[in-house]
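> A structural model of the following input is requested.
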Amino acid sequence: MIPVIDIAPLVNLCGGDSNSSKAKSAELENVIKSIADACQKFGFFATINHGVDAATIKDAWTASTQFFDMKSSIKQSVSMTDEYPYGYEN
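I've put the predicted structure just below:
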């Protein structure tokens, strides 16, 4: 199962809620530990309460689906360089 981490304490780091500094510190430590554990054990994780608008997420999924549904020759035309190490690898 993919680890799902609530990152609200990170998102709200600059927020003005009434939690004590000690409570905020403990929440942040828990998020940091959860992220470290997920990276070490699984290599990735999903987040919730990140503040990214649902429409933005939907658009990103749509764009990635459209890209990966293309023929390999088109996907491989996105060249990767040292300056731009992003692209499609078969």
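> secondary structure element for the residue lying farthest from the centre of the chain?
When each C-alpha in the chain is compared with the mean C-alpha position (C-alpha atoms, centre = their mean), residue 73 comes out farthest, at 28.1 Å. Using DSSP states H and E, residue 73 sits within helix 72-75.
> rounded mean pLDDT for that helix, please.
Computed over helix 72-75, the mean pLDDT rounds to 89.
> give me the element the residue nearest to residue 7 when sequence neighbours are not counted is part of.
With sequence-adjacent residues excluded and distances taken as C-beta to C-beta, 6 or more residues apart in numbering, residue 7 is closest to residue 47, at 4.9 Å. C-beta: built from backbone N, CA, C; applies to glycine. Per DSSP H and E, residue 47 falls inside strand 46-48.
> got the buried residues for that strand?
The neighbour-count check on strand 46-48 (16 or more other C-beta atoms under 10 Å) flags residue 47 as buried.
> contacts only, for residue 2.
For residue 2, the set of contacting residues under the criterion of C-beta atoms under 8 Å, 6 or more residues apart in numbering consists of 42, 44, 45, 46.
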